[in-house]
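Q: fold the following.
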Amino acid sequence: MKTISWHAFAVLLATPGRSIAAPATAFRFATFNASLFRQAPQQLAEDLRSPNDPQARQVAEIIQRVRPHVLLINEFDFDPQRVAARRFRENYLSIGQNGQQPIEYPHVFLAPVNTGLPTGLDLDRDGRADGPADAFGFGRFPGQYGMVVFSMYPFQYDAVRTLQNFLWKDMPGAQRPLIPTTGKPFHDDETWNALRLSSKSHWDLPITIGRHTVHFLCAHPTPPVFDGLEDRNGLRNRDEIRLLADYLDPERSDYIYDDQGQRGGLEPGAHFIVAGDLNTDPLDGDGRVGAIAQLTEHPLLNHRRVPSSRGAVEKTLRDAGANRRQLGNAAHDTADFEDRGVGNLRVDYVLPCSRFSLQDQGVFWPTQSEQGYGLIGASDHRMVWIDVAFAAGTRD
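A: Just a heads-up that it's a prediction; the model follows:
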């Protein structure tokens with residue numbers, strides 16, 4: 001059975017499914033893989049045309065209960081006209097759901113992603129070059145499984161950086177997938193030289209909060225599964241996470257270039273938050289050993305406390321199954337993959353830099369007896385949030 005830390009369990013006694021606003025002196029950042037993806041272009045925008053989509057209403061109610069100031073949503077289909085994001089804000093977030101207070105986000109950021117973007121190459125070596133696994137990131141159409149950020153604070157648009165086009169081969173020490181039985185590369189040279197690292201995109205979004213700038217660093221690496229013995233997705237997941245980790249460190253980021261050609265990562269001393277569905281657990285699941293430790297043990301990140309929930313513990317105890325074989329703390333789980341036979345995992349992260357004072361944190365995963373339990377069926381992931389404050393005397 002998974003370890004249950006009763007200290008972590010007790011921390012979340014004040015985090016039920018009811019609405020809980022952040023303290024006046026703190027700022028709440030959150031990530032949520034809301035599973036708001038569809039199977040055809042424009043379908044999400046069409047579903048959000050009216051305020052009656054059941055899943056979108058549940059997602060909106062979760063957001064209204066947790067009330068983050070800045071929120072990354074993973075798996076929100078991108079459309080070039082930004083119609084889906086506008087309709088979700090106007091038809092769902094701005095309307096109180098099930099007695100909750102509406103929530104307003106005047107600032108929205110979204111940009112193209114690699115999912116569903118054709119390469120014209122046979123990336124999975126199935127004899128075809130037009131399947132969803134042959135796109136720069138797995139997807140049935142451009143923009144499927146995209147990302148969007150809603151914020152109460154303004155973005156510094158002139159300073160935004162995206163790393164959609166960064167090539168995997170340009171990461172020093174990138175491990176090219178090999179066929180174990182022959183030792184030969186899984187991809188031919190033409191394919192390897194064209195592969196982008198980010199399966200969706202990596203974003204650096206500078207946000208103005210008072211007199212400070214906070215860099216909201218967003219990503220959604222590929223799951224480390226759905227491949228073969230060459231483990232091409234596991235290797236890619238690890239290096240997508242490494243790109244985030246290297247971006248934080250001025251001594252390791254000189255190789256990085258963004259989509260505008262600017263090189264390097266964050267400036268020394270910057271305030272930042274790393275967020276996203278990073279698709280790997282510290283101890284369990286199919287991720288490469290040490291992949292997420294590149295962030296959870298990073299010296300520039302504050303990782304002394306881990307967001308937790310009572311609902312995850314309850315689910316582990318109720319389901320058992322695959323969870324019996326796992327090593328991680330059940331209270332820290334953020335996703336329920338029971339139908340895929342891997343159990344519950346911690347794969348969603350909001351990680352603050354060490355310059356922040358971490359005030360509180362949690363995972364929206366109510367128990368069966370708490371308010372909001374009926375909402376968690378909207379997605380197989382749960383919203384993760386943290387409250388941070390600027391340390392006294394810090395300036396950018």
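Q: all the helices of the stretch 51-200 of the chain, residue numbers only.
A: 54-66, 83-88, 189-192 (DSSP state H, counting those that start in this stretch).
Q: redo these as TSV? Include mean pLDDT and distance to residue 389.
A: Just so you know, the C-beta spots here come from the backbone N, C-alpha and C atoms, and that holds for glycine as well. Formatted as TSV, these follow (pLDDT from 0 to 100; distance: least, Cβ to Cβ, whole Å):
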stretch	mean pLDDT	distance to residue 389
helix 54-66	98	18
helix 83-88	98	29
helix 189-192	97	45
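Q: quick one, which of those helices gets closest to residue 113.
A: Closest to residue 113 of the helices of the stretch 51-200 of the chain, according to Cβ to Cβ: helix 83-88, at 13.2 Å.
Q: which parts of that closest one are buried?
A: Going by neighbour count (16 or more other Cβ atoms under 10 Å), the buried part of helix 83-88 is 84-85, 87-88.
Q: so who does the residue sitting nearest the centre point of the chain touch?
A: Nearest to the mean C-alpha position of the chain, by Cα atoms, centre = their mean, lies residue 276 at 1.7 Å. Neighbouring residues of residue 276 by Cβ atoms under 8 Å, 6 or more residues apart in numbering: 31, 72, 74, 147, 218-221, 348-349.
Q: surely residue 250 meets residue 270?
A: No. Taking Cβ atoms under 8 Å as the definition, residue 250 is not a contact partner of residue 270, at 9.5 Å.
Q: neighbour count for the two, which is higher?
A: For residue 250 and residue 270, the more surrounded residue by other Cβ atoms under 10 Å is residue 270, and the numbers stand at 19 against 16.
Q: backbone dihedrals for that one, both of them.
A: phi -70, psi 150 (degrees, to the nearest 10).
Q: measure it to residue 292 for me?
A: Plainly put, residue 270 is 22 Å away from residue 292 if you go by Cβ to Cβ, to the nearest Å.
Q: now residue 147: how far from residue 199?
A: 11 Å.
Q: now do the shared contacts for those two.
A: With Cβ under 8 Å, 6+ apart as the test, residue 147 and residue 199 both reach residue 220.
Q: that older thread, beta partners of the residue nearest to the centre of the chain?
A: Counting by DSSP bridges, residue 276 forms beta bridges with residue 349.
Q: tell me which of the helices of the stretch 51-200 of the chain sits nearest to residue 178.
A: Closest of the helices of the stretch 51-200 of the chain to residue 178 is helix 189-192, at 11.2 Å (criterion: Cβ to Cβ).
Q: who's in contact with the closest one?
A: Defining contact as Cβ under 8 Å, 6+ apart, one finds that helix 189-192 is touched by 119, 121-123, 168-169, 176, 185.
Q: buried residues in that helix?
A: Applying 16+ other Cβ under 10 Å to helix 189-192 flags 191-192 as buried.
Q: can you list the low-confidence ranges for the stretch 101-250 of the chain?
A: Counting by pLDDT under 70, the stretch 101-250 of the chain contains no low-confidence range.
Q: equivalent analysis for the stretch 251-396 of the chain, please.
A: 339-340, 393-396.
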